[in-house]
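J.: I would like to see how this sequence folds:
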Amino acid sequence: MSFIFRAFGGLGSAVYLRHFVYSLLLIYLPQLYMELVRHPNESPTWQDKLIPFIFFVTVCQCLYPYSRFVYESITNAIRNFFSGESDDYIFIFPAIFLFIPLLWKYVTMAFCFALSPILAPFGLIWLGRHNG
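T.: Residues are numbered from 1 along each chain as shown. So this is what the prediction gives:
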C-alpha cells in the first residue's frame, strides 16, 4: 500500500464526510454565493477572476478534513497536557451563552478552511506514517 493511499485513507469515511459536509454548507457555499453576488453586472473580466477563486476554494474544501484533523490533534494534545484527562468534556451553561461557543466553532472552521493548503500536508504526513 503506497504512502498516498495510507495518507488519504487515514481518516475514517464518516469523519471525512462529516467535515466535508460541514465545510461545504458553512463555508464553501456562502463564500461562493458572496463572490457571485458581489459582481452581478460587471464586465465579463470578473468571470476570469472567479475561476481561480473557485479552484482555490475547491482545493480548500477537499483538504479541510485533514486540516481540521491537525487542529483537533493539537488542541487535544494541549488540553490533555494541562488536564491530564481524556477529551470527553461536558460543558453545562445557560442556553443564552450557546452563541459564544458556536461562534468560536465557526471561526476555527473558517481558520482551518482558509489555511487548509498549509495545515493539511502535516495531517497527511502524520496519517501516512501512522497507518503504515
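
J.: ok, L32 to T108 distance?
T.: Distance, L32 to T108, using Cβ to Cβ, to the nearest Å: 21 Å. In this view, the C-beta of every residue, glycine as well, is placed from N, C-alpha and C.

J.: packing partners for the longest helix along the chain?
T.: For the chain, the helix with the greatest residue count under DSSP state H is helix 45-83. When contacts are defined as 3 or more Cβ pairs under 8 Å, 6 or more residues apart in numbering; DSSP states H and E, helix 45-83 sits against helix 13-23, helix 29-38, helix 99-114, helix 116-130.

J.: can you redo those helices as CSV with distance to V70, mean neighbour count and mean pLDDT?
T.: Listed next are the helices and strands packed on helix 45-83 as CSV, based on distance: least, Cβ to Cβ, whole Å; neighbours: other Cβ atoms under 10 Å; pLDDT from 0 to 100:
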stretch, distance to V70, mean neighbour count, mean pLDDT
helix 13-23, 12, 15, 82
helix 29-38, 21, 12, 73
helix 99-114, 8, 14, 86
helix 116-130, 4, 17, 88
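
J.: could you point out which of those sits nearest I51?
T.: helix 29-38 (11.2 Å; Cβ to Cβ).

J.: quick one, that closest one and helix 99-114 angle?
T.: For helix 29-38 against helix 99-114, the angle by axes from the mean of the first three to the mean of the last three Cα atoms, to 10 degrees is 80 degrees.

J.: what angle do helix 29-38 and helix 45-83 make?
T.: Here helix 29-38 points in a direction 150 degrees away from that of helix 45-83 (the same axes, to 10 degrees).
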